[in-house]
Structure formats: C-alpha cells, structure tokens
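Chemist: the sequence isn't on hand, but the structure is:
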C-alpha cells in the first residue's frame, strides 16, 4: 500500500534562509513521487516529480528534491526562501500499477510561513 | 494551452439537495480524477475516469458518482447532501493514466 508522511505540519523561515520540507513515503513498488504547492484559494500546482531517473530532481521556482530509497525519503529544499513561497506544500506518491493506477496519495501538507 | 477548468467555482446548497460539478481537462488529456479536500481529512481520492470508464474509486459512499463524456469532460454528482460534504472538490487531468496530473482551481461546496 502507498502512503506519505509529511513530518512537519508547519515550517517557518526568514526570507533568504534555506527551506527544508520533509517527506517519507511507503510504497509496495518503485514509486513516482511529486511535490505540489497550493496557494490560498487556488488549485494545486506541480513543483517537481521523480519517476526513477535522476535521484536529484529540480523543479520550478528554485525548488529541488532528492529521492533516497534507503531512507524512503523525498525531502523538498530551496536554498533561499522568498515571501512568495508562503503556501501549503503536499508530498504525493503514486506507483502506477494495477488497481491503484491513476490514483495519487497525498500527505497531510506542510504550511510554509516566510517572515520578512 | 488552457488549463483545467472547473465550474462552478462556488456553490451553496442545503442538506438533502444534490449537486453536479463539472470539469474540463486540458486539451488532449484523456484521464480525469476527482479529489475532495477538507481541513479534517486532507486530500482524498474520489474516482478516476479514462476513456469514459471509471477505472478507480476511492472510499466514498454511493452518493458520490461521476461520469466522463466522449470529449473527456467529466462531471461528478453528490446526492442527498450532508453537512460533511462541505469541501473543496478538485479535478485533475492527465495525458494518460501514467503521467503527472494537473489540477484545476476547484469548486468550493458549502452545505448548510
């Protein structure tokens, strides 16, 4: 079965400092992993995806994530936070197999606050 | 290319009524999935349609149903609304069933 655990429900950083949002996953097969961002009253925007190619994945707006199979982790990072990064971030897993094909499993989300 | 569109954006209904939500996928996308987002339960999968057939269904009661048309547009219906159905309903489209999903802005349903 697939599942995702986002280790922090809230993260606060100062503008210009690094961002780290932590995610652990569980999957019966080789998973595809995603990070989505949701700004207030908006839909979900795809930040980046891992689909078994390079383990370090670069996304939009300077975000990147590293797939670590031994640790079953897919943490999201950004070297320098910007005020516009304040939003809710979701770690998502899918394994594209069998009965769960086409279904995404979402973490509970991490609310990122950026202080000026 | 236009993104995923959902109509209406906001709905207010009363208990016992039924509601239909609409989703138009990105042009060329054939898979449409629906998700419910609430503060208490987070984002939960409702169902997925591909080539006009429901391929996958989440753990929701039979009051929740959907369909997909030949042009890949999809509708979901909720009958006998309950207060707990108040949520943001998100639609996502994908080129096929194995590519990333792109989300619409959602329909905010309030049940009074």
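Modeler: Nice, thanks for sending it over. Since we're looking at a predicted model, the values are computed, not measured. Numbers count the residues shown, from 1 in each chain, chains lettered A, B, ... in the order given.
Chemist: so who does residue A:58 touch?
Modeler: Contacts for residue A:58 (CB atoms under 8 Å, 6 or more residues apart in numbering or on different chains) come out as A:48, A:64. Every C-beta, even on glycine, is put in place using the N, C-alpha and C of the backbone.
Chemist: quick one: it and chain B, what's the gap?
Modeler: Using CB to the nearest CB, to the nearest Å, one obtains 15 Å as the distance from residue A:58 to chain B.
Chemist: so for the spatially most central residue of chain B, what's the pLDDT?
Modeler: Compute the mean C-alpha point of chain B, and by CA atoms, centre = their mean the closest residue is residue B:34, 3.5 Å away. Taken from the predicted model, the pLDDT recorded for residue B:34 is 97.
Chemist: kindly report the residues of chain B close to chain A.
Modeler: Applying CB under 8 Å from any CB of the partner chain, we find that chain B lies next to chain A at B:4, B:31, B:33, B:35, B:42-45, B:48, B:50, B:55-56, B:58, B:90, B:92, B:94, B:97-98, B:100-106.
Chemist: mind doing that once more with 6 Å?
Modeler: By CB under 6 Å from any CB of the partner chain, the residues of chain B that approach chain A are B:31, B:42-43, B:45, B:48, B:55-56, B:97-98, B:100, B:103-106.
Chemist: can I get the residues you listed in JSON lines with neighbour count and pLDDT?
Modeler: What follows is the residues of chain B next to chain A, written out as JSON lines (neighbours: other CB atoms under 10 Å in any protein chain shown; pLDDT from 0 to 100):
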{"residue": "B:31", "neighbour count": "25", "pLDDT": "93"}
{"residue": "B:42", "neighbour count": "15", "pLDDT": "93"}
{"residue": "B:43", "neighbour count": "22", "pLDDT": "94"}
{"residue": "B:45", "neighbour count": "21", "pLDDT": "93"}
{"residue": "B:48", "neighbour count": "28", "pLDDT": "92"}
{"residue": "B:55", "neighbour count": "17", "pLDDT": "89"}
{"residue": "B:56", "neighbour count": "18", "pLDDT": "87"}
{"residue": "B:97", "neighbour count": "19", "pLDDT": "76"}
{"residue": "B:98", "neighbour count": "14", "pLDDT": "75"}
{"residue": "B:100", "neighbour count": "17", "pLDDT": "86"}
{"residue": "B:103", "neighbour count": "22", "pLDDT": "95"}
{"residue": "B:104", "neighbour count": "23", "pLDDT": "95"}
{"residue": "B:105", "neighbour count": "17", "pLDDT": "94"}
{"residue": "B:106", "neighbour count": "25", "pLDDT": "95"}
